[in-house]
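1. next input, structure requested:
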Amino acid sequence: MKGRWQHDYRDFHHRRDMVKTLIKMLSTDAPQETLDTIPTRAKQIELVLYQQAPTFDDYIDMTTLKDRIKRLQECNEAGETGIIRKRGENRGL
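-> Alright, predicted model coming up:
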């Protein structure tokens with residue numbers, strides 16, 4: 001469900017940049033065996049961040065990004081978000 005501020009075409013470049021940022025964040029100190037899954041996980045996280053942000057400024061706010069990801073991880077572990085995890089996967093975001 002999109003909010004009033006979201007526009008697929010206008011936001012495309014910002015969303016692509018966010019995915020790149022997330023990939024860099026997730027790749028830092030990631031175990032070698034998880035590196036293949038990082039781009040997909042980054043896209044999933046970006047989608048949830050995009051859908052949940054109340055405004056565009058909130059979505060692109062890099063000062064709150066780590067906290068927002070941490071909240072997503074906590075919700076995901078509690079089964080409260082739409083991030084799809086592989087069966088048996090027990091790693092955090």
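2. in the longest helix seen in the chain, what counts as buried?
-> When the chain is parsed with DSSP state H, its longest helix is helix 8-27. For helix 8-27, the neighbour count (16 or more other Cβ atoms under 10 Å) marks 11, 15, 18, 19, 22, 23, 25, 26 as buried. In short, each C-beta sits where N, CA and C put it, glycine included.
3. may I have the helix or strand that that helix is followed by as CSV, with CA atoms only?
-> Next along the chain after helix 8-27, taking DSSP states H and E as the criterion, comes helix 38-52. Taking C-alpha atoms only, helix 38-52 is exported to CSV below (Å, rounded to 0.1, in the frame of the first residue of the first chain):
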residue,chain,number,x,y,z
ILE,A,38,22.7,-9.6,0.5
PRO,A,39,21.3,-8.0,-2.7
THR,A,40,18.0,-9.7,-2.3
ARG,A,41,17.8,-8.9,1.4
ALA,A,42,18.7,-5.3,0.7
LYS,A,43,15.8,-5.0,-1.8
GLN,A,44,13.4,-6.6,0.7
ILE,A,45,14.5,-4.2,3.4
GLU,A,46,14.3,-1.2,1.1
LEU,A,47,10.8,-2.1,0.0
VAL,A,48,9.6,-2.2,3.7
LEU,A,49,11.4,1.1,4.5
TYR,A,50,9.8,2.7,1.4
GLN,A,51,6.3,1.4,2.2
GLN,A,52,6.5,2.3,5.9
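4. helix 38-52 packs against which elements?
-> In terms of contacts (3 or more Cβ pairs under 8 Å, 6 or more residues apart in numbering; DSSP states H and E), helix 38-52 is packed against helix 8-27, helix 65-77.
5. that one relative to helix 65-77, how many degrees between them?
-> 100 degrees (axes from the mean of the first three to the mean of the last three Cα atoms, to 10 degrees).
6. buried stuff in helix 38-52?
-> For helix 38-52, burial by neighbour count (16+ other Cβ under 10 Å) applies to 38, 41, 42, 44, 45, 46, 48, 49, 50, 52.
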